[in-house]
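> Here is a sequence with its predicted model. Questions after.
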Amino acid sequence: MPVKEKGPAKKREPRRFPPSLAGSCLRYAVMDVLGFGRLIDPESQQAMREGTDRHKVFQQQLLADYAMARVEVPLRDESWGVSGRMDALIETPRGPWVVEYKTVSEERFRLVEESGPILGHWAQLQLYLAVGRMVGGSLVVDQRPSGERLIFHAEPDPVWDAWIRARINQVKAFQTTRKLPSREVSRACLSCDRWQRCFASEADRQNQVSDHPLWEPEPPVPARAAFQRAEEIVS
Ligand code: SF4
């Protein structure tokens, strides 16, 4: 019986950088693009489910309120190496306006109210502004379960653009060599769903975070000077 020669094995394309990781620990982002699993506890799973339901309601309301809105809009850019979906995009007379929707616990909501957007949410919005060349964008933050809402507007910011680009380039470099970078120990490790790959035990994690609670990425995070509180989703 003739033996069929096998063709060359198809090379898997490297996973592109997901926008939601724009403000994350470098090691976490590299684990993600290399396909490492996560350990999500039941409480976080429940919060994620609730967040997904609220996303859908928010998007339906946006479609009803804005004739020029689209939801789940793909964003893919080869030069940045980024691929993802924006929650919503609204065409305005000035150009495209991106809308990112988040839900948070009451505790986090009060922090956002006091000190401004969570860094990761802000970085994701800035990534959309830079990669999608938007004229502006909104971050809509709802409290679970009350539905209380905060809206922030942002404009493209070259300093954030450069920071995000530098971080993504670092992720891509590690992805190519399939090596994990060093840990960026900070308070974020306490809620990280890949922490078991970084610490020998919960006690070890707690001790190291206590010694080094602040996140000190390279390059340092730019200031979030340009956010504005708003009443409406689009200005
Ligand atoms: S545990 Fe900390 S250092 Fe490790 S991936 Fe998570 S955030 Fe980064």
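Structure received.
> all contacts plus neighbour counts: C-alpha atoms, from now on.
OK.
> Buried residues, the lengthiest helix in the chain. List them.
Longest among the helix segments of the chain by residue count, using DSSP state H, is helix 42-65. Buried residues in helix 42-65, counted by 16 or more other CA atoms under 10 Å: Ala47, Gly51, Arg54, His55, Phe58, Gln59, Leu62.
> show me the residues around the last one that make contact.
When you say that, I think you mean Leu62. Ala69 (CA atoms under 8 Å, 6 or more residues apart in numbering).
> and if you look at Arg27?
Each residue near Arg27 by CA under 8 Å, 6+ apart is listed here: Leu180, Pro181, Ser182, Arg183, Glu184.
> what's the distance between stretch 27-37 and the middle of its chain?
Stretch 27-37 sits 14 Å away from the centroid of its parent chain (CA atoms, centre = their mean, to the nearest Å).
> Asp142 is in contact with Glu148, correct?
Yes - in this structure Glu148 lies within contact range of Asp142 using CA atoms under 8 Å: 5.6 Å.
> The contacts of Arg27, buried ones only, as a ChimeraX selection?
In ChimeraX, this line selects whichever of the contacts of Arg27 come out buried by 16+ other CA under 10 Å:
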select :180,181,183,184
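> overlap between the contacts of Arg27 and the residues near the ligand?
Contacts with the ligand are made by Arg183, Glu184 out of those, judged by CA under 6 Å from any ligand atom.
> need the contacts of Arg27 in JSON lines with pLDDT and secondary structure, can you?
Shown next, in JSON lines, are these (pLDDT from 0 to 100; DSSP: H, G, I helix; E, B strand; the rest coil):
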{"residue": "Leu180", "pLDDT": "97", "secondary structure": "coil"}
{"residue": "Pro181", "pLDDT": "98", "secondary structure": "coil"}
{"residue": "Ser182", "pLDDT": "97", "secondary structure": "coil"}
{"residue": "Arg183", "pLDDT": "98", "secondary structure": "coil"}
{"residue": "Glu184", "pLDDT": "98", "secondary structure": "coil"}
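> circling back: and the longest helix of the chain, how far out from the chain middle?
On the basis of CA atoms, centre = their mean, helix 42-65 sits 16 Å off its chain's mean C-alpha point.
> Next secondary structure after it?
As assigned by DSSP states H and E, the chain's next helix or strand after helix 42-65 is strand 69-77.
> Can you tell me the strand partners of the helix or strand of the chain with the lowest mean pLDDT and which way each runs?
Within the chain, no helix or strand scores below strand 228-230, which has a mean of 90 by mean pLDDT, DSSP states H and E. Looking at strand 228-230 with DSSP bridges, its partner strands are strand 149-154 (antiparallel).
> what is the rounded mean pLDDT of the partner strand?
Mean pLDDT, strand 149-154: 96.
> Same check on stretch 41-48?
For stretch 41-48, the mean per-residue pLDDT is 89.
> could you pull out the strands for this protein?
For the chain, the strands defined by DSSP state E occupy 69-77, 82-92, 95-104, 136-143, 149-154, 228-230.
> Ok, which of these comes nearest the ligand?
Relative to the ligand, the nearest member of the strands of the chain by CA to the nearest ligand atom is strand 95-104, separated by 18.7 Å.
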